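one predicted model, sequence on top.
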Amino acid sequence: MLNTATKSEAPGTEQELTDGFHLVIDALKLNGINTIYGVPGIPITDLGRMMQAEGIRVLSFRHEQNAGYAASIAGYLTKKPGVCLTVSAPGFLNGLTALAHATTNCFPMILISGSSEREIVDLQQGDYEEMDQLAIAKPLCKAAFRVLHAADIGIGLARAIRAAVSGRPGGVYLDLPAKLFGQVMDAAAGTKSLVKVIDAAPAQIPAPSAVKRALDVLKGAKRPLIILGKGAAYAQADDDIRAFVEKSGAPFLQMSMAKGLLPDTHAQSAGAARSTVLKDADVVMLIGARLNWLLSHGKGKTWGDAPKKFIQIDIEPKEMDSNVEIVAPVVGDIGSCVSALLAGMGGSWSAAPTEWLSTVSKKRDENVAKMAPKLMSNASPMDYHGALGVLRTIVKERPDAIFVNEGANTLDLARGVIDMYKPRKRIDVGTWGVMGIGMGYSIAAAVETGNPVLAVEGDSAFGFSGMEVETICRYQLPICIVIFNNDGIYRGTDVNGASSDPATTVFVKGSRYDKMMEAFGGVGINATSPDELKRAVNAAMDSGKPTLINAVIDPAAGSESGRIGNLNPQSVLKKK
Ligand SMILES: Cc1ncc(C[n+]2csc(CCOP(=O)(O)OP(=O)(O)O)c2C)c(N)n1
Ligand SMILES: [Mg+2]
């Protein structure tokens, strides 16, 4: 298995040697890491070449941030750390946003960066791409390590893998100084130094008393609600989660990336009655969902006046009571917790009162009926609902496709309109609401799952990672990008009254993003009506050819910041 780098011929002996390059590759392979996302350059160009020669798939990007986002979502989809490989200082910094994003979103990821000479960096003598990368990475990730000796590469990678996937997953930084790669050591000793990580994310079994406490609270509920977060989707405990929810009889809400864990069309789904269930529920059970801003911190107007009890299931004990009191914390990995809850329910569990569920489903059906005519609009230029109406049907017909989504209106409206039918098929801006994940996520989703990808992107959102369309064409990935082109951020209608410069939120009117795709040999289509959009997306999904569809959206159709305009600070002076 071990690569032999060199043979030295001392008189009478022949010693097999290996080096840092080969040990890194062997350590990755030993641990089943066979895909790398990165950008080459000093000091890791040869490492990438050698990885490729050794059968590791190395996807070479146009910008490290996109490679980093790809690695982060690869981690989410596979439960193995996604690896991003970058050069020193600027490449490292470009990848760092994605590493922090992985940590915030609890995705296992390892950022491996080459770095410059320690002796020069530490004396600040101005080395090529000088930066104390380890110190900078530390506050932004779950753990950070540096390897100085070839003999420690095995241990270094093992620590990085464990830190990334065990407990609450997150981003890990691994610093590999340039000098390490060329360091030579005895090949047999090198083999011995490698570590195969056993049981990298050990089960964390909840205490039986915690499980009982949670079930007692749930049993006492008149109006229970279950909220599934992306932690629940990550757990890949899909059957148990579904069985638990169904046995409880409670309405459920799925956070954005949890959509599809149970089909959004499930009889207990309260997706279209969100405000009702948040206000009126008396017991709320959070499974792999945090009470952060996305759930209005569990308090305030959104949650109404009815007193509530919270049950929370999370692997991280510190998550409990983060925003409101949790009366029944259950700490453990989601899979173990849900199976313990299911077992604890026994054979005679009485499901939630049916009148609660029928109140919720009545509200849901009303809201769905209200939206239905909007989704049938065939207006041109399209509004969001007209365009999303056809995409909704396409996703229903192709439930295995991975749906990538970013933007403001493009995100918020698509999340509400497009039902998901299978787990981990919707990936989006996550905890930060970050723009720029689009192409990195699409590439990793196609590479890791082999499934077709449909990316629905605001025109602004797309711009953050748009150059990766070349990467998509280069690797011939089955990705169909639909750009909701409304000439700008939120709306394309803003006017700057003060000078001839355009307003800050508008772009070149009538841009043709489809032509970008044609520049690299992909398929580019301009779609001006829902019918055209439907034909183009279906053709792309059937052919698997890299495609970009410029969907022309009415510039006046969107609203400021989509659904979260309330978070914009207001100037009092403006009103004078
Ligand atoms: C990294 C980053 N920079 C800036 C923002 C602020 N921001 C939120 S949404 C958005 C773009 C919204 O426009 P678009 O993608 O075209 O969607 P639309 O509302 O027009 O459909 C921006 C720039 C962000 N969320 N993330
Ligand atoms: Mg836009």
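Thanks, I have the structure now. Residues are numbered from 1 along each chain as shown. Ligands and ions are numbered 1, 2, ... in the order given.

alpha carbons only for contacts and neighbour counts from here, please
Noted.

can you count the residues close to residue 242?
Residue 242 sits with 15 neighbouring residues when counted by other Cα atoms under 10 Å.

now tell me which helix or strand of this protein has the poorest mean pLDDT.
Counting by mean pLDDT, DSSP states H and E, the chain has its least confident helix or strand at strand 6-8, which shows a mean of 52.

next one: stretch 26-33 to chain centre, how far?
Centroid separation for stretch 26-33 versus its chain: 23 Å, with Cα atoms, centre = their mean, to the nearest Å.

now swap in stretch 522-534 and tell me
Taking the mean of its C-alpha atoms, stretch 522-534 sits 27 Å from the chain's own mean (Cα atoms, centre = their mean).

could I get that stretch in CSV with only the CA atoms?
Output in CSV follows, covering the C-alpha atoms of stretch 522-534 (Å, rounded to 0.1, in the frame of the first residue of the first chain):
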residue,chain,number,x,y,z
GLY,A,522,-22.0,23.9,-21.8
VAL,A,523,-25.6,24.4,-22.8
GLY,A,524,-27.0,28.0,-22.3
ILE,A,525,-30.7,28.8,-22.6
ASN,A,526,-32.6,32.0,-22.2
ALA,A,527,-36.1,31.3,-20.8
THR,A,528,-38.7,34.0,-20.7
SER,A,529,-41.9,32.1,-19.8
PRO,A,530,-42.7,29.2,-17.4
ASP,A,531,-43.3,26.9,-20.4
GLU,A,532,-39.8,27.7,-21.8
LEU,A,533,-38.3,27.2,-18.4
LYS,A,534,-40.0,23.8,-18.0
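
buried residues in that stretch, which are they?
Across stretch 522-534, burial judged by 16 or more other Cα atoms under 10 Å covers 522-530, 532-534.

so which of these is the closest to residue 439?
Within those, the smallest distance to residue 439 is 14.5 Å, found for residue 522 (Cα to Cα).

any idea how far residue 439 is from the closest residue in space to that closest one that isn't next to it in sequence?
In space, residue 522 comes closest to residue 546 once its chain neighbours are excluded; the distance is 5.3 Å by Cα to Cα, 6 or more residues apart in numbering. Here the criterion is Cα to Cα, to the nearest Å. By it, residue 546 lies 12 Å from residue 439.

same check, this time on residue 292
The spacing between residue 292 and residue 439, counted by Cα to Cα, is 26 Å.

between the two, who's got more neighbours?
Neighbour count, other Cα under 10 Å: between residue 292 and residue 439, residue 439 has more, with 29 against 12.

ok, the more buried one touching residue 473?
No. Counting by Cα atoms under 8 Å, residue 473 is not a contact partner of residue 439; they are 11.7 Å apart.

burial count for residue 461?
For residue 461, which is what you asked about, the neighbour count (other Cα under 10 Å) is 27.

now it: which helix or strand?
Taking DSSP states H and E as the definition, one finds residue 461 inside helix 459-463.

which residues in the stretch 151-300 of the chain form helices?
Ranges of helices within the stretch 151-300 of the chain are 153-165, 178-182, 187-193, 208-219, 230-234, 238-248, 274-280, based on DSSP state H, counting those that start in this stretch.

what's the most buried one of those?
helix 230-234 (a mean of 27; mean count of other Cα atoms under 10 Å).

tell me the secondary structure of the residue most central in space within the chain, please.
In the chain, the C-alpha closest to the average C-alpha coordinate belongs to residue 73, at a distance of 4.5 Å (Cα atoms, centre = their mean). For residue 73, the assignment made with DSSP: H, G, I helix; E, B strand; the rest coil gives helix.

show me the contacts for it.
Residues in contact with residue 73 (Cα atoms under 8 Å, 6 or more residues apart in numbering) are 82, 107, 441, 444-445.

for residue 80, see how far away residue 220 is.
When Cα to Cα is applied, the distance between residue 220 and residue 80 equals 39 Å.

tell me which of those two has more neighbours.
It is residue 80, of residue 220 and residue 80, that has more neighbours when counted by other Cα under 10 Å, with 24 against 12.

what's in contact with the helix ranked longest in the chain?
Ordering each helix of the chain by length in residues (DSSP state H) puts helix 354-375 first. Helix 354-375 has contacts (Cα under 8 Å, 6+ apart) with 222-223, 249-251, 267-273, 276-277, 385-390.

still on that earlier bit, and the helices of the stretch 151-300 of the chain as CSV, adding mean pLDDT and distance to residue 100?
What follows is the helices of the stretch 151-300 of the chain, written out as CSV (pLDDT from 0 to 100; distance: least, Cα to Cα, whole Å):
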stretch, mean pLDDT, distance to residue 100
helix 153-165, 98, 12
helix 178-182, 97, 24
helix 187-193, 98, 30
helix 208-219, 98, 32
helix 230-234, 98, 17
helix 238-248, 98, 27
helix 274-280, 97, 30
